[in-house]
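**Q** Please find the sequence and the predicted model below.
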Amino acid sequence: MKFHEMNENEIASALRTDFTEGLEEKEVKRRREQHGYNALAEGEKQSALLLFFSQFKDFMVLVLLAATLISGLLGEMVDAIAIIAIVLVNGILGFFQERKAEKSLDALKELSAPQVHALRNGEWTKIPSKEVVPGDILKFISGDRIGADIRLIESRSLEVEESALTGESVPVQKNTSPLRIPNPGLGDMENMAFMGTMVTRGTGTGVVVATGMKTAMGQIADLLETAETQETPLQRRLEQLGKILITAALFLTLLVVGIGVLQGHDLYTMFLAGVSLAVAAIPEGLPAIVTVALSLGVQRMIRKNAIVRKLPAVETLGCASVICSDKTGR
């Protein structure tokens with residue numbers, strides 16, 4: 001519903017609430033059963049062990065593991081140990097980077113207010129923000145963090161800092177007048193206050209219109225959790241390189257074995273020689289070099305307060321020539 005376009009009577013009727021008495025406890029429980037708790041849902045988290053092993057599913061890494069197995073069977077233990085060490089370093093670097101990014105993304109949950117002032121049974125009381133339901137009447141003062149998406153019904157010199165949602169660092173002056181702008185962005189809704197934003201000046205009162213994952217902040221959290229994973233250009237090129245190397249290795253093995261046998265050499269000896277040549281043709285250090293280079297790029301991004309969730313995304317961003325962004329929602 002477009003609460004920003006409604007007047008106070010329409011809002012009270014739509015949400016079945018009383019601006020002077022608030023909700024009764026019985027009604028609060030019924031609405032909580034219907035809408036759930038006012039909290040951002042957590043997506044299915046990948047365990048640290050699975051995240052670590054996922055670093056080894058890259059095609060080039062699988063080629064190296066195959067080369068390690070072959071080197072071990074041929075008795076080249078030094079080569080096998082060296083390749084294993086490179087693969088482990090590559091996996092550890094990727095694992096710690098992704099874990100760091102996941103922890104940074106969890107910071108969204110810290111933007112919700114721990115407690116709010118709500119009008120219940122005609123009395124103002126302090127309650128945990130997760131217990132807020134649509135139709136609750138909340139009040140807030142300078143320094144408070146908004147605990148849900150709210151339609152303002154009273155405002156006294158109220159200004160709210162909304163950079164977490166709109167990117168606009170300058171506080172927005174709020175009012176209670178119905179908004180008649182078609183399809184307004186979040187930054188245009190001057191009669192609304194959103195979960196996670198901060199009151200910088202004045203006081204206000206409002207009615208909760210959305211909680212949990214139905215809030216603007218909840219929609220951002222949902223996008224982060226449900227974003228599709230696609231291969232980056234770098235990953236595709238490395239996979240292509242891996243396939244070329246395997247094809248070349250098999251061709252060289254067959255060629256060496258065939259020529260050796262035709263010249264009268266022992267088949268087993270020539271097979272070992274061909275396999276050794278194939279393993280030597282595989283660039284063991286390539287995945288580690290790529291991972292280190294991407295990690296350095298990630299560290300530079302972190303210094304600019306930018307979170308990179310997946311290492312290969314750094315290379316994809318480097319391919320961009322034009323970036324179009326709209327920080328205010330206008």
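**A** Perfect, thanks for sending it. None of these values were measured; they are calculated from a predicted model.
**Q** show me where pLDDT drops low in the stretch 1-150 of the chain?
**A** 42-46, 60, 79, 97, 100-113 (pLDDT under 70).
**Q** how does it look with 90?
**A** 1-2, 39-115 (pLDDT under 90).
**Q** And the strands in it, which stretches?
**A** For the stretch 1-150 of the chain, applying DSSP state E, counting those that start in this stretch gives strands covering 115-120, 123-128, 137-141, 149-161.
**Q** just checking, what packs against the shortest one?
**A** On a contact count with 3 or more CB pairs under 8 Å, 6 or more residues apart in numbering; DSSP states H and E, strand 137-141 meets strand 115-120, strand 198-210. C-beta coordinates here come from the backbone N, C-alpha and C atoms, glycine included.
**Q** Can you give me the domain boundaries for the protein?
**A** 3-40+112-223, 48-106+231-319 (automatic domain parsing).
**Q** Deepest-packed of those domains, please.
**A** domain 3-40+112-223 (a mean of 18; mean count of other CB atoms under 10 Å).
**Q** Between the two ends of that domain, how far is it?
**A** End-to-end distance of domain 3-40+112-223 (CA to CA, to the nearest Å): 23 Å.
**Q** How far away from the center of its chain is it?
**A** 25 Å (CA atoms, centre = their mean, to the nearest Å).
**Q** Then stretch 90-98?
**A** 17 Å.
**Q** Could you save the helices and strands packed on strand 137-141 as CSV and add columns showing distance to Leu245?
**A** Converted to CSV, the helices and strands packed on strand 137-141 look like this (distance: least, CB to CB, whole Å):
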stretch, distance to Leu245
strand 115-120, 59
strand 198-210, 53
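**Q** isn't Asp188 right up against Ile181?
**A** Yes: applying CB atoms under 8 Å, one finds Asp188 in contact with Ile181, separated by 5.8 Å.
**Q** Leaving out chain neighbours, which residue sits closest to Gly91?
**A** Distances taken as CB to CB, 6 or more residues apart in numbering put Gln55 closest to Gly91, at 3.9 Å, once the chain neighbours are dropped.
**Q** That neighbour against Asn90, yeah?
**A** Yes: counting by CB under 8 Å, Asn90 is a contact partner of Gln55 at 7.1 Å.
**Q** Now do the shared contacts for these two.
**A** Val61 (CB atoms under 8 Å, 6 or more residues apart in numbering).
**Q** give the contact list for Ala41.
**A** Gly212, Met213, Gly218, Ala221, Asp222, Glu225.
**Q** repeat that for 7 Å
**A** By CB atoms under 7 Å, 6 or more residues apart in numbering, the contact set of Ala41 is Met213.
**Q** could you pull out the strands for the stretch 151-300 of the chain?
**A** Under DSSP E, counting those that start in this stretch, the stretch 151-300 of the chain gives strands at 172-173, 192-193, 198-210.
**Q** can you put these in CSV and add distance to Pro283 and mean pLDDT?
**A** Below are those laid out as CSV (distance: least, CB to CB, whole Å; pLDDT from 0 to 100):
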stretch, distance to Pro283, mean pLDDT
strand 172-173, 54, 92
strand 192-193, 56, 94
strand 198-210, 51, 95
